[in-house]
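>>> Build me a model from this:
(one chain, ligands or ions: 1)
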Amino acid sequence: MDHNLSFENTEIAFRNSSNADLKRAFWLFKVINVNFLVKIGPPLTNFAVKIGLPVTGLIRATIFKHFCGGETIRQCENTIRGLSRGGVGTILDYSIEGEDNEQVFNSTCEEIIRTIKRAAKDKAIPITVFKVTGVARFSLLEKLDAGTVLTANEEQEWQKAQDRVLAICEKAYTTGVPVMIDAEESWIQNTIDRLALSMMERFNKEKAIVYNTCQLYRHDKLASLKNDYSVAEKNGFIMGVKLVRGAYMEKERSRAAEMGYPSPIQPDKQSTDRDYNAATNFCTDHVERIALVAGTHNDESCKLLAEQLDKKKIDHKNPHVYFSQLLGMSDNLSFNLADAQYNVAKYVPYGPIKAVLPYLFRRAQENTAISGQMSRELRLIVKELKRRSGNKG
Ligand SMILES: Cc1cc2nc3c(=O)[nH]c(=O)nc-3n(C[C@H](O)[C@H](O)[C@H](O)COP(=O)(O)OP(=O)(O)OC[C@H]3O[C@@H](n4cnc5c(N)ncnc54)[C@H](O)[C@@H]3O)c2cc1C
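Predicted structure coming up:
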């Protein structure tokens, strides 16, 4: 491995952040660190927004500013340039959630196509992304997954949803910009997987254009990753895959318990970690035919993948291997990896404030402290602030 690779170097991690940025982040993570506030925050905020209290200004200046690039692509330009100065790419993520009508699906589809157009011919935006539930109704996908027969109207609706996915992937193909399809809840994931695989068969003959996402917190997913690889090998296409642990664990477990089926989630964290690392190993073993994006904030997994690359003599800049984190989190990984010449790109979520609130609440929840400790982000910010004040004498 590159012996200089250290995720503790906060000088590199926060090179992009001014003192004012760091102080703002310090107070933000201080608040987020308080479990109680994070619990009451989402309902209070939703309520305040609903009754029209002027809270959006406060949200915009704090949590939104930290975790999002802006409300439009244009507003993300500063963030794109800032990341790029540190050698880190941007993945524009139009994060509108919880919408459920055809008009919104059409406009979301158009917006995703705009992110692909914006990415074309700009090295600062090497990959793009979308969620199938951004362009298709959740309960329709649920029906398809369960094998329920669709009504004639639903068949039409499904055709339109597939057309949107096709239009996005086609634009990715004609512009040569890779597009990732996010993974979601297990009770709609088979449908997403089938759709993603058919898009890969169609567009990944010469180059990895479409990427699916594999959630290794599911006990069956390492096997299905290997199975998809066999399909790619047999049918002569490149498999694109983003590897993540998975974001819906509580929801998955409680639904399984409520409905009385075995949970699809691994029995413990250790099993998830084991499969995650085995998956990066499998992908780097087959790097000719698999293009991989490691979407993780886990130090160990990033270290291990970096080691795997060096051991297997895979160039750091091989276009089939990317590390990826979310904006506002784990800059110690992103910028230190980029400094060691690995390919790195961060999700830069954007969209109207109200529509990205669920995303922001998830980030807050992820960063609360466990039993009174300082969260990982807060510890790094404090370390860098101390380093800077020490340097001033
Ligand atoms: C760039 C990027 C893209 C992403 N895209 C997606 C996506 O498309 N779909 C998606 O679902 N998520 C996605 N995520 C979120 C991701 O799945 C994780 O929730 C998040 O990154 C935390 O996991 P981690 O690998 O960073 O590391 P860690 O912090 O080490 O791991 C935490 C994760 O481990 C798992 N885990 C925790 N406790 C247990 C337990 N007791 N038993 C079993 N497993 C456990 C859970 O998945 C949990 O989220 C993405 C994350 C990133 C950085």
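>>> Next, A291: secondary structure please.
Three-state call for A291 (DSSP: H, G, I helix; E, B strand; the rest coil): strand.
>>> That one and N332, how far apart?
25 Å (C-beta to C-beta, to the nearest Å). Backbone N, C-alpha and C define where each C-beta goes, glycine included.
>>> hey, what's the residue of the stretch 201-350 of the chain found nearest the ligand bridged with?
Nearest to the ligand in the stretch 201-350 of the chain, going by C-beta to the nearest ligand atom, is G295, at a distance of 3.0 Å. Per DSSP bridges, residues listed as beta-bridge partners of G295: S324.
>>> Tell me who's in contact with it.
Applying C-beta atoms under 8 Å, 6 or more residues apart in numbering to G295 gives the contacts 213, 242-244, 324-325.
>>> Next one, pLDDT for the residue of the stretch 51-200 of the chain found nearest the ligand please.
The nearest approach of the stretch 51-200 of the chain to the ligand comes at D182, 3.3 Å away (C-beta to the nearest ligand atom). Here the pLDDT value assigned to D182 is 97.
>>> Against V321, how distant is it?
For D182, the distance to V321 - C-beta to C-beta - is 19 Å.
>>> of the two, who's got more company?
Using other C-beta atoms under 10 Å as the criterion, D182 and V321 rank with V321 on top: 24 against 21.
>>> pLDDT at that one, what is it?
pLDDT recorded at V321 is 98.
>>> cool, G393 as well?
With respect to pLDDT, G393 has a value of 47.
>>> Number the residues from 9 up from this point.
That works, and once the first residue is 9, the last one we named lands at G401.
>>> Following element in sequence after the host helix or strand of V57, please.
Using DSSP states H and E, V57 sits in helix 43-58. Later in the chain than helix 43-58, the nearest helix or strand by DSSP H and E is helix 64-67.
>>> what is the mean pLDDT for that next one?
82.
>>> Any buried residues in it, and which?
64, 67 (16 or more other C-beta atoms under 10 Å).
>>> again with stretch 249-260
For stretch 249-260, using 16+ other C-beta under 10 Å, the buried residues are 249-257, 260.
>>> and it, anywhere near the ligand?
Yes: using C-beta under 6 Å from any ligand atom, stretch 249-260 reaches the ligand at 252-257.
>>> Give me the subset of the buried residues of stretch 249-260 that lies in strands.
Counting by DSSP state E, the part of those found in strands is 249-252.
>>> Closest to R93 out of those residues?
Nearest to R93 out of these is K250 (C-beta to C-beta; 24.8 Å).
>>> ok, the closest one touching L224?
No: using C-beta atoms under 8 Å, K250 is not in contact with L224, being 11.1 Å away.
>>> near the ligand, which residues of the stretch 109-258 of the chain show up?
Checking the stretch 109-258 of the chain against the ligand by C-beta under 6 Å from any ligand atom, the hits are 190-191, 221, 223, 225, 252-257.
>>> so where's the stretch 209-358 of the chain uncertain?
Scanning the stretch 209-358 of the chain for pLDDT under 70 picks out nothing.
>>> Is the nearest residue to E105 once chain neighbours are set aside in a helix, a strand, or coil?
Excluding the flanking residues, the one nearest E105 by C-beta to C-beta, 6 or more residues apart in numbering is P366, at 4.8 Å. Counting by three-state DSSP, the backbone at P366 sits in helix.
>>> burial measure for P366, as a count.
Count around P366 with other C-beta under 10 Å applied: 14.
>>> now the longest helix along the chain: mean pLDDT?
With secondary structure taken from DSSP state H, the chain has its longest helix at helix 160-183. Mean per-residue pLDDT for helix 160-183: 98.
>>> what's in contact with that helix?
110, 113-114, 117, 120-121, 124-125, 127-128, 136, 138, 140, 143-145, 148, 151-152, 158, 185-187, 203, 207, 210-211, 217-218.
>>> again with stretch 352-360
So stretch 352-360 is in contact with 75-81, 83-84, 87-88, 91, 95-104, 134-135, 137, 301, 330-335, 342-343, 345-346, 364, 367, going by C-beta under 8 Å, 6+ apart.
>>> That one: which residues count as buried?
352-359.
>>> Tell me if it is near the ligand.
Yes: contact between stretch 352-360 and the ligand, assessed by C-beta under 6 Å from any ligand atom, occurs at Y355.
>>> just stretch 265-278 next, same as before
Yes: residues of stretch 265-278 are located near the ligand by C-beta under 6 Å from any ligand atom, namely 273-274, 276-277.
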